[in-house]
Structure formats: C-alpha cells, structure tokens
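In: only the shape, not the letters, is given here:
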Ligand code: ATP
Ligand code: FE2
C-alpha cells in the first residue's frame, strides 16, 4: 500500500508516493519562480492551484500506482505561507474524499527530519535542518523533536536568497551562490554571530551588502558568506553534539544540498569519531515524498483528521507537534 503526500508550504508544489518501507515510488514537483524579487504568497498559491492536478496525474502515472492502492492522503499542515498551505490542503481534502481515504496532517519540518532519518538508517541522530525559512539543530526527547538551537532572525536559505537577489541574481539564490563561491578565494571579514546554540544572519546580510557597495567581487563575497555562515552552523551542531554525547548527525532541508556545508559538518563529526548523512538533493528540498513518509508514521500512530478539522497552521513549530511514533 501507498501514502500520497502533498507539499505546498512555500515555492514548491509537490506530490509524492511512498510505500510502507519508505521506498519512494514517485515524485512530481513544480517550483514557482518569481520573475524578479522574492516570493509573493498569493502568486505562489495561484501557481500551485494550477499545477496540482497535473502533478497528481504525473506522480500516479510515472509510478504505476493506482488510486485503489492509496492507503491515506498526507499533507503539509504548516509551517508555511497561508495561501500556499491552503492550496495544498484543498487538494488533499478533495483526494481524501474522492478516494474515501484518511487525511493525515504533517508538520513540514518534522517531515524534513524524518525522511533524512529513515534514509540514514540511524536510530536517534542529531539533526541539522537548514532550509529557506528554518535553521534548527534538533534532537528527539520525550515525545517531541526538541529545538536545541536555531536562527534568531531569518532562515539561512532566505538569507542566501535575499543576498543573491540584492547582488543582481534571481531566486533561488542558494545553488547559484554555491557555484559563484567556487570562483572566490579571498576571505572577507563578516560578522560571525553565534549565541550559545543559536545563530543570526541579518548582520551578515547588511555587512555583505556594504562590502558589495565598496566594490568587493561577487565570487569573493559568495565564498566568504558560505565559509562564515556554514562555520556558524557547524559550530552550533558541534556544541549540541557534545552536550548530547552523541555521534550521529543527519542533515535536512534545501541548504543541506550544499557541498561545502555537507563537507564542513562531515569533517567536524568525523573528527569526533562519528558519522553523518545527507539525503539526495531531490529529498533535501521540499518534496511530497517526505510528507508521504511522515504520513505513514503519523497514520500508524492514529494521527488522522476529519476534513472539518484539517485547517492549516502557518506558524506551527517543530517542538509543538507530538511524534508518538518515536515513543513517549
Ligand atoms: P522550509 O519551509 O523548510 O523552511 P523552504 O520551503 O524554503 O524550507 P527548501 O526546499 O527546504 O524550502 O529549501 C529551499 C532553500 O534551499 C532555498 O533558500 C534555496 O536557496 C536553498 N538551497 C537549495 N540548494 C542549495 C545549495 N546548493 N546551497 C545553498 N542553498 C541551497
Ligand atoms: Fe522545506
């Protein structure tokens, strides 16, 4: 049997099909790319409404899964942009009613964590979740995922995207900045903002733009921003690891696609005698398969909702959702 997962928290509309052993049978995604500047929530939601019917068809056709094999329909309940979340939830409700299958609400952040955890084969790793809107170091404890450290202002991906757009580029900035950083060599001074296990990026954004205004090259700026920001993430991950006396770290979220970040975290963890894992890129970025897999876990724990009770939660936090499948 198969769970179908619907993802629509921000820029990406995606449908994923996953079986009960976490085998990904199909993913169909379409990303909203604003012609200029950042994401406009209503325009992104309109994009999602347009593409979802085709994505559902494509995911089913490419995987050969028939609607009769669908056990449940899972959807991203939050956190995310309200209009985008509502577009995905509406599609999920319609499929659930049409196929008469249970509806399973899933927290988007927990889904990034769970897909990385199951693919890693690690039982209880520390998690570095680095994405557009979120930057968190997470560990499981007593019924919930606990946030040990996080960004005090903007998410790392939003920071990279904003900087790249200000430097004349287009969304999403992270991957393009990664390519540009490979051409840089001079490490420019930027604010290194670590507070215990938390980080902050807005000071670095201001400083990087000031350097750009004074003529620093885009390759050197990209290189310096990557080295500084990813060192900050590696430091808070190491601090959390030392406190937990753990040795396994899993990376998740779109920014975990980044080779430099993967390499820095790996070097730190291996230096302490531990192991790291990062999912393949298509499962690091927003995707329906991570929602479907977490849907399986939630379904097994009886976490279904009625259509009336399936409202979206734009501000739902990682540490406020119960994860009974992990134990109590
Ligand atoms: P969330 O809702 O989980 O906070 P999100 O919805 O913004 O995240 P994700 O797909 O998880 O989406 O992450 C997207 C972010 O990842 C974007 O900010 C993008 O620039 C960044 N990103 C993608 N690839 C890379 C890369 N190779 N290097 C750095 N950043 C990257
Ligand atoms: Fe995400």
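Out: Sure thing, it's come through. Please read all numbers here as calculations on a predicted model, not as lab measurements. Ligands and ions are numbered 1, 2, ... in the order given.
In: tell me where the stretch 151-300 of the chain has strands.
Out: Assigned strands in the stretch 151-300 of the chain, in chain order: 194-195, 198-199, 248-252, 275-277 (criterion: DSSP state E, counting those that start in this stretch).
In: and those: which comes nearest ligand 1?
Out: strand 248-252 (8.0 Å; C-beta to the nearest ligand atom). For glycine as for every other residue, the C-beta is placed from the backbone atoms N, C-alpha and C.
In: so this protein: which segments form each domain?
Out: Listed by automatic domain parsing, the domain ranges of the chain are 2-112+283-326, 123-281.
In: for the stretch 201-328 of the chain, give me the ranges with low pLDDT.
Out: Across the stretch 201-328 of the chain, residues meeting the criterion (pLDDT under 70) sit at 328.
In: run a quick neighbour tally on the residue in the stretch 201-328 of the chain positioned nearest to ligand 1.
Out: Per C-beta to the nearest ligand atom, residue 254 is where the stretch 201-328 of the chain lies closest to ligand 1, at 2.1 Å. Residue 254: 27 surrounding residues under other C-beta atoms under 10 Å.
In: list the contacts of it.
Out: Residue 254 makes contact with 130-132, 157, 172, 174, 284-286 under the criterion C-beta atoms under 8 Å, 6 or more residues apart in numbering.
In: nearest approach to residue 33 belongs to which of the strands of the stretch 151-300 of the chain?
Out: Nearest to residue 33, of all the strands of the stretch 151-300 of the chain, is strand 248-252, at 22.7 Å by C-beta to C-beta.
In: which strands or helices does that closest one pack on?
Out: Judged by 3 or more C-beta pairs under 8 Å, 6 or more residues apart in numbering; DSSP states H and E, strand 248-252 is in contact with helix 108-120, strand 126-130, helix 259-271, strand 275-277.
In: let's see that with 6 Å instead.
Out: On a contact count with 3 or more C-beta pairs under 6 Å, 6 or more residues apart in numbering; DSSP states H and E, strand 248-252 meets helix 108-120, strand 126-130, strand 275-277.
In: just put these in JSON lines and tack on distance to ligand 1 and mean neighbour count.
Out: Below are these laid out as JSON lines (distance: least, C-beta to the nearest ligand atom, whole Å; neighbours: other C-beta atoms under 10 Å):
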{"stretch": "helix 108-120", "distance to ligand 1": "5", "mean neighbour count": "26"}
{"stretch": "strand 126-130", "distance to ligand 1": "7", "mean neighbour count": "28"}
{"stretch": "strand 275-277", "distance to ligand 1": "17", "mean neighbour count": "19"}
